[in-house]
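Q: Just need the structure, nothing else, for what follows:
(one chain, ligands or ions: 2)
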Amino acid sequence: MSEPAKLAAGLEPVAAGGLVLLGCGKMGGAMLDGWFAAGLPGAAVHVVDPALGERAAALTARGARCGLKPPDSAAAVVVAVKPQLLAEALPAVAPLAGPRTLFMSIAAGAPLSYFEARLAAGTPIVRAMPNTPAAVGRGVTALFANAPGKALTPLAEALAGAVGETVRLESEAQMDAVTAVSGSGPAYVFHMIEALAAAGVAEGLPEELAMRLARATVTGAGELAHGSPLPASALREAVTSPAGTTAAGLSVLMGDGALIDLMRRTVAAAAARSRELGG
Ligand SMILES: NC(=O)C1=CN([C@@H]2O[C@H](COP(=O)(O)OP(=O)(O)OC[C@H]3O[C@@H](n4cnc5c(N)ncnc54)[C@H](O)[C@@H]3O)[C@@H](O)[C@H]2O)C=CC1
Ligand SMILES: O=C(O)[C@@H]1CCC=N1
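A: Numbering: from 1, shown residues only. Ligands and ions are numbered 1, 2, ... in the order given. Here you go, the predicted structure:
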């Protein structure tokens with residue numbers, strides 16, 4: 001048996017007081033894996049999700065509890081259901097609300113006021129926007145707390161920090177743009193892989209080879225950007241020989257701000273949808 005991981009700093013309150021996860025799908029499940037990897041004991045966790053499927057057995061084997069009725073108290077409740085299902089799902093955990101229980105919601109669009117209207121007065125609430133690279137510990141999560149939640153922001157940061165970087169926002173209004181950039185952003189990058197591979201096929205490469213090259217290129221470039229102190233523009237320039245092939249390619253991608261304009265419209269559409277989801 002391998003040694004259990006040492007509990008990461010900042011997670012002591014949830015290790016001692018318990019954590020309830022409402023919704024254990026792609027994002028909630030990725031965060032839960034991060035908390036376990038950060039040493040959170042299974043016995044500290046209760047998962048509320050009516051469709052856990054095979055995951056239930058693995059959670060139970062870890063000592064976590066699963067069931068639609070959460071315990072009477074918890075140090076933190078993490079809300080990770082689809083925004084459209086909040087009205088149906090939140091009542092199950094609402095009785096846990098109060099000044100000593102952190103509510104952290106990752107639901108896109110749903111404003112702090114939505115939770116304040118439905119949870120006990122004085123409940124510390126942190127709105128957070130993570131992204132799926134959390135599944136490999138390389139997410140980035142932006143956080144903004146209501147007034148009672150300010151004091152518990154370090155606990156929210158410890159929970160989000162178990163799966164990657166964290167940033168504190170200056171205002172809740174920034175959350176729509178954040179959702180559009182980093183929340184949805186991984187999908188844009190995955191589509192870049194698809195588009196680069198399709199372009200390789202159009203130039204005569206077999207599909208499998210084109211996809212392998214595109215995937216390795218995007219992930220390798222991401223890794224280089226992650227590890228390098230240089231700005232992205234300098235990394236781009238390092239690939240670009242004067243009058244070479246990259247310059248020819250970039251004259252299309254950057255010509256008349258082509259990609260900048262496309263990305264501007266992409267992020268604007270996602271931010272508008274985030275505002276719409278917030279009602
Ligand atoms: N997938 C992503 O890239 C990101 C998602 N989010 C947010 O995370 C939330 C969850 O998204 P995903 O994990 O992608 O969705 P998902 O569909 O993979 O997971 C949602 C989970 O909620 C469960 N669920 C449904 N009804 C429930 C109920 N009444 N009580 C408890 N659990 C219930 C479902 O069974 C499912 O396991 C959404 O609000 C989304 O806006 C935020 C950032 C990134
Ligand atoms: O597509 C969505 O609505 C969620 C929020 C950010 C990423 N996925």
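Q: Model confidence score at the residue in the stretch 51-200 of the chain that ligand 2 sits nearest to, please.
A: For the stretch 51-200 of the chain, the residue closest to ligand 2 is Gly183, as judged by CB to the nearest ligand atom, at 3.2 Å. (C-beta placed from N, C-alpha, C; glycine too.) At Gly183, the model reports a pLDDT of 98.
Q: same check, this time on Ser2
A: 61.
Q: Next: the one 3 residues further on.
A: The per-residue pLDDT reported for Ala5 equals 80.
Q: check contacts around it.
A: The neighbours of Ala5, taking CB atoms under 8 Å, 6 or more residues apart in numbering as the test, are Phe36, Ala37, Ala38, Gly39.
Q: just for this protein, where's the confidence low?
A: Judged by pLDDT under 70, the chain has its weakly predicted residues at 1-3.
Q: Any figure for the gap between Ile260 and Val239?
A: 18 Å (CB to CB, to the nearest Å).
Q: hang on, I meant Leu152
A: Leu152 is 45 Å from Val239, where distance means CB to CB.
Q: neighbour-wise, which of these two wins?
A: Leu152 (23 against 13; other CB atoms under 10 Å).
Q: Going by neighbour count, list what's buried in stretch 70-78.
A: By neighbour count on 16 or more other CB atoms under 10 Å, the buried set for stretch 70-78 is Pro70, Ala74, Ala75, Ala76, Val77, Val78.
Q: Next, see if that stretch gets close to ligand 1.
A: No. Stretch 70-78 stays clear of ligand 1 (CB under 6 Å from any ligand atom), getting no nearer than 10.0 Å.
Q: got the residues of the stretch 51-200 of the chain near ligand 1?
A: 51, 80-83, 85, 88-89, 106-108, 129-132, 183.
Q: Among these, which one sits closest to Ala8?
A: Pro130 (16.2 Å; CB to CB).
Q: Name whatever forms a beta bridge with the residue lying closest to that closest one once chain neighbours are set aside.
A: Counting by CB to CB, 6 or more residues apart in numbering, Pro130 lies nearest to Thr141, which is 4.2 Å off, once chain neighbours are set aside. When bridges are called by DSSP bridges, Thr141 pairs up with Thr166.
Q: give the contact list for Thr141.
A: Contacts of Thr141 (CB under 8 Å, 6+ apart): Ala128, Met129, Pro130, Asn131, Ala134, Ala160, Gly161, Val163, Gly164, Glu165, Thr166, Val167.
Q: cool, Pro124 as well?
A: With contact set as CB under 8 Å, 6+ apart, Pro124 has these partners: Pro99, Thr101, Leu102, Phe103, Ala145, Asn146, Pro148, Gly149, Lys150, Ala151, Leu152.
Q: what's the spacing between it and Ala44?
A: Taking CB to CB, one finds Pro124 at 19 Å from Ala44.
Q: Pick out the residue of the stretch 151-279 of the chain closest to ligand 1.
A: At 4.4 Å from ligand 1, Gly183 is the closest residue in the stretch 151-279 of the chain, using CB to the nearest ligand atom.
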